[in-house]
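Colleague: sequence and predicted structure below; questions after.
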Amino acid sequence: MILFKLLETQPTCLGIFQEMIKKTSIYSHPLVHHLMDSGTQKEKRDDDSKKVVAEIMARCFVPSLITTTSWEGFHFVGHEIRITEAMDSYGAVVWPSALVLCYFLETNVKHYNMVDKNVIEIGAGTGLVSIVASLLGAHVTATDLPELLGNLQYNISRNTKMKCKHLPQVKELSWGVALDENFPRSSNNFDYILAADVVYAHPFLEELLITFDHLCKETTVILWVMKFRLEKENKFVDRFKELFDLEEISSFPSLNIKLYKAVKKSRRSARKGKVVSRRVFL
């Protein structure tokens, strides 16, 4: 058992051990086959992940000609999407997490059908994810802070006009602020909440958790892509699990990104979670 634990936790040792096995034929214990299989499976998962990342990143392109307005291009849902970024704000830049979520929505339409669904994106930023969801047929509400709405509206309008079944809406949403007034629970009928890279080094993680909880009904599905950078993010995931059932759908180690699916816990569990959620993040 000690040998098993050592080899499982030390990739270098595992690789050497596997090479030794290949050169001899006297090892036939089931433990040997398990170790070889686990190592091979991990390598295959890593290779598959890298291939998907390469395909996702290949969806980006830059204009061949310099124009008066700088923009970055993306290919999703059979459309060329042109996004203008605002370099003075982290919230108005296209981050890899948004590309991962766009790719997931496009390639999983059978299991996560967006047609005629009510969808809200929080922290929409440049609007790329909302644009893709709209092109897939959803009723989309794209939200962010007031200072980002101008660029967000511009990108959404230029990329969805006359192309989408439902015209997407842009709305202000400051996490934890005036939620009952601007998003009353009685009218929150969202089938999906989309979120890409909304957790990072900022002081509003408590408000973000409250916002997730407020916007969700029992049947709402959260699709959330997260890049792990700091210990605060790990703590947020733990806190998130107090109110939501969380499932990891995909992982991209080369990007340090994970894709999650979440649904609200039962009312009894949620009430217990809300008591705990009064603690403040450290």
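Modeller: That came through fine.
Colleague: so which other helices or strands are in contact with the helix or strand hosting residue 232?
Modeller: Assessed by DSSP states H and E, residue 232 sits inside helix 231-243. Packing partners of helix 231-243 (3 or more C-beta pairs under 8 Å, 6 or more residues apart in numbering; DSSP states H and E): helix 205-215, helix 267-276. Where C-beta positions appear, they are placed from N, C-alpha and C, glycine not excepted.
Colleague: in that helix, which residues are buried?
Modeller: 232-233, 236-237, 239-240, 242-243 (16 or more other C-beta atoms under 10 Å).
Colleague: tell me the one of those nearest residue 74?
Modeller: Closest approach between these and residue 74, by C-beta to C-beta: residue 233, at 25.6 Å.
Colleague: any weak-confidence spans in this protein?
Modeller: Where the chain drops to pLDDT under 70, the residues are 1-45, 64-69, 87-91, 201-202, 267-282.
Colleague: show me where it has strands.
Modeller: With DSSP state E, the ranges of strands along the chain come out as 60-61, 72-76, 79-83, 118-122, 139-144, 169-172, 192-196, 221-227, 244-252, 257-264.
Colleague: residues making contact with the third one?
Modeller: Strand 79-83 is contacted by residues 71-75, 94, 126-128, 131-132, 135, 155, 158-159, 163 when judged by C-beta atoms under 8 Å, 6 or more residues apart in numbering.
Colleague: same question for the last one.
Modeller: The set of residues external to strand 257-264 that reach it, using C-beta under 8 Å, 6+ apart, is 96-97, 100-101, 104, 213, 216-228, 240, 243-252, 270.
Colleague: what of the second one?
Modeller: Contacts with strand 72-76, where a contact means C-beta under 8 Å, 6+ apart, come from 59-63, 80-85, 94, 99, 102-103, 106, 128, 132, 135.
Colleague: 10 Å - rerun?
Modeller: 58-64, 80-85, 93-94, 98-99, 102-103, 105-107, 126, 128-129, 131-132, 135-136, 159 (C-beta atoms under 10 Å, 6 or more residues apart in numbering).
Colleague: and the residues you listed, which are buried?
Modeller: 81-83, 85, 93-94, 98-99, 102-103, 105-106, 126, 128-129, 131-132, 135-136, 159.
Colleague: among those residues, which are in helices?
Modeller: Of the buried ones among the contacts of strand 72-76, the ones assigned to helices by DSSP state H are 98-99, 102-103, 105-106, 128-129, 131-132, 135, 159.
Colleague: one step back: buried subset of the contacts of strand 257-264?
Modeller: 96-97, 100-101, 104, 213, 216, 220-227, 240, 243-244, 246, 250, 252, 270.
Colleague: ok, now how distant is the residue nearest to the spatial centre of the chain from residue 102?
Modeller: In the chain, the centroid-proximal residue (C-alpha atoms, centre = their mean) is residue 225; its distance is 1.4 Å. Between residue 225 and residue 102 the computed distance is 10 Å (C-beta to C-beta, to the nearest Å).
Colleague: got a list of what the closest residue to residue 259 other than its chain neighbours touches?
Modeller: Residue nearest to residue 259 in three dimensions, not counting chain neighbours: residue 250, with 4.2 Å by C-beta to C-beta, 6 or more residues apart in numbering. By C-beta under 10 Å, 6+ apart, the contact set of residue 250 is 49, 52, 100, 103-104, 108, 225, 257-261.
Colleague: picking that back up, and which of the ones in helices among the buried ones among the contacts of strand 72-76 is nearest residue 188?
Modeller: Among these, and counting by C-beta to C-beta, the member closest to residue 188 is residue 129, at 19.3 Å.
Colleague: re earlier: list the residues that contact both of residue 225 and residue 102?
Modeller: Joint contacts of residue 225 and residue 102 (C-beta under 10 Å, 6+ apart) are 129, 194, 196.
Colleague: ok, these vs residue 121, which is closest?
Modeller: residue 194 (4.3 Å).
Colleague: which strand residues bridge the closest residue in space to the closest one that isn't next to it in sequence?
Modeller: With sequence-adjacent residues excluded and distances taken as C-beta to C-beta, 6+ apart, residue 194 is closest to residue 121, at 4.3 Å. Beta-bridge partners of residue 121, counted by DSSP bridges, are residue 142, residue 194.
Colleague: could you check how far residue 121 is from residue 101?
Modeller: 9 Å.
Colleague: shared neighbours of the two, which are they?
Modeller: 128-129, 132-133, 194-196, 223.
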